[in-house]
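**Student:** Fold the following, please.
(one chain, ligands or ions: 2)
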Amino acid sequence: MSFETNVSQWLESFKHEENFPNLSTFPRFKQVVRRPVSISITGGKGGVGKTSISLKYALELKKIGYKVLYIDFDYNLSNSRIKLGLPLDDNFKKLLRREIDFDSALYKNGNFHMLSGCNGDVDIFDEQSIRFDNELINLLASHEKDYDFILFDCPAGINKDALSINAYCDHRFIVVTADKSSITDSYSLIKVLKLRYGVNENHLIVNKVENLAQYKKVVKTISETAENFLGVRTSVLGGISNYRDKPEEFDYQFLFEENSKIHKDFLKVLNVTAEKCLHLVPCVNPVHGIQEQVLEKEVQTI
Ligand SMILES: Nc1ncnc2c1ncn2[C@@H]1O[C@H](COP(=O)(O)OP(=O)(O)O)[C@@H](O)[C@H]1O
Ligand SMILES: [Mg+2]
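**Tutor:** Numbering: from 1, shown residues only. Ligands and ions are numbered 1, 2, ... in the order given. Okay, the predicted model is just below:
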């Protein structure tokens, strides 16, 4: 059976409410191939830091030598190019219309490849018939072997496209803040993923942390509620401080300034991620080798 048929059947199976399929129905090859590792950076609520954190993972993993495909799955409110100081494009739409191929749709800087979405594109907005999840998963089938990591930056909200991408990925990194609505939305996401897709484990990153007590409270609330009411395990990856100095400088400080506190916070999160979840030792045998590239410099000069 081809990969494409497998994926389509897997997605189709969620159409019926009475089906509660779980990840054992995944295409078989996902269980036997070690790489690429796919991760969705998700959380239900907007503005919690999903895009910043997923870009940061992509850039740092690239820095230590891995080849990374970053997919901006917020396909019609895409911010990734803006955060990197790159001009917007409509490659995502052209790709779906088969006007360009996958390779031409990517922004590339060495081992960092990015498929960004559109922003406010009326055609994409009107397009009701496309299953964006299906399209992307099928596209990945023929390209994912080229990468060590595939990161999906998920949109806010609980829609079917984002849910099935979340379920498809090997890992889900749920980004949450201390805000009550962020905690509630994250729990709702965990619940729907469990009840409709059989997802039993997620990872948690607490962002915009003000102090240790607040961090601990968020972790406890989500972990205990998910465990007690859903039987879902939460593996905690750490927290990132709230950067208050100059909010307009957050992206630059976080993504590119290696002396910043938030960069250092992220490195701790990355170490825990490597150890707990990816079982990686940085710099050891990345399948695509270390290739020095200076995205930071390029971005700064745009
Ligand atoms: N730790 C943080 N401290 C301060 N501001 C942050 C932090 N993380 C993210 N932000 C800011 O919050 C806003 C939303 O971040 P973003 O990554 O776009 O969230 P999302 O993708 O979840 O909507 C952006 O203005 C970003 O610069
Ligand atoms: Mg975003």
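**Student:** ok, and the closest non-adjacent residue to Ser186?
**Tutor:** In space, and not counting its chain neighbours, Ser186 is closest to Val176: 4.6 Å by C-beta to C-beta, 6 or more residues apart in numbering. Any C-beta I mention is one placed from the backbone N, CA and C, and that applies to glycine too.
**Student:** Who is the one you found paired with across the strands?
**Tutor:** Val206 (DSSP bridges).
**Student:** just use 29 as the starting number from now, easier for me
**Tutor:** Right, with 29 as the first residue, what we last looked at is Val204.
**Student:** who are the neighbours in contact with it?
**Tutor:** 71, 73, 76, 210-211, 214, 232-235, 246, 250 (C-beta atoms under 8 Å, 6 or more residues apart in numbering).
**Student:** try 6 Å
**Tutor:** 71, 210, 214, 234 (C-beta atoms under 6 Å, 6 or more residues apart in numbering).
**Student:** The second one - how many residues pack around it?
**Tutor:** The reference is to Ser210. Per other C-beta atoms under 10 Å, the neighbour tally for Ser210 reads 25.
**Student:** Would you confirm that it contacts Gly71?
**Tutor:** No. Here Ser210 does not reach Gly71: they are 7.1 Å apart, not a contact under C-beta atoms under 6 Å.
**Student:** helix or strand right after the helix or strand that contains Thr262?
**Tutor:** Following DSSP states H and E, the helix or strand that holds Thr262 is strand 261-269. Using DSSP H and E, the helix or strand that follows strand 261-269 in sequence is helix 278-284.
**Student:** Tell me the strands beside the strand holding Thr262, with direction?
**Tutor:** Strand 261-269 has the following strand partners under DSSP bridges: strand 229-237 (parallel).
**Student:** ok, the strand it pairs with near ligand 2 or not?
**Tutor:** No. Where contact is defined by C-beta under 5 Å from the ion, no part of strand 229-237 touches ligand 2; the two come within 11.9 Å at best.
**Student:** what's the average pLDDT for that strand?
**Tutor:** Mean per-residue pLDDT for strand 229-237: 97.
**Student:** contacts for that strand?
**Tutor:** 76-77, 200-205, 218, 243, 246, 261-265, 267-270, 305.
**Student:** What segments of the stretch 79-228 of the chain are strands?
**Tutor:** 96-100, 135-137, 140-143, 177-181, 199-204 (DSSP state E, counting those that start in this stretch).
**Student:** need these in a markdown table with mean pLDDT and distance to ligand 2, can you?
**Tutor:** Below are the strands of the stretch 79-228 of the chain laid out as a markdown table (pLDDT from 0 to 100; distance: least, C-beta to the ion, whole Å):
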| stretch | mean pLDDT | distance to ligand 2 |
| --- | --- | --- |
| strand 96-100 | 94 | 8 |
| strand 135-137 | 94 | 17 |
| strand 140-143 | 94 | 14 |
| strand 177-181 | 94 | 6 |
| strand 199-204 | 97 | 10 |
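**Student:** Grab the nearest non-local neighbour of Gln242.
**Tutor:** Going by C-beta to C-beta, 6+ apart, Gln242 has Ala206 as its nearest residue, at 5.0 Å.
**Student:** mind checking how far the one you found is from Asn230?
**Tutor:** Plainly put, Ala206 is 18 Å away from Asn230 if you go by C-beta to C-beta, to the nearest Å.
**Student:** ok, now Ser269?
**Tutor:** Taking C-beta to C-beta, one finds Ser269 at 22 Å from Asn230.
**Student:** Neighbour count for those two, which is higher?
**Tutor:** Neighbour tally, Ser269 and Asn230, criterion other C-beta under 10 Å: the higher count belongs to Asn230, 25 against 18.
**Student:** Check whether His141 really touches Tyr135, as I assumed.
**Tutor:** No. Look at His141 against Tyr135 with C-beta under 6 Å: they stay out of range, at 7.2 Å.
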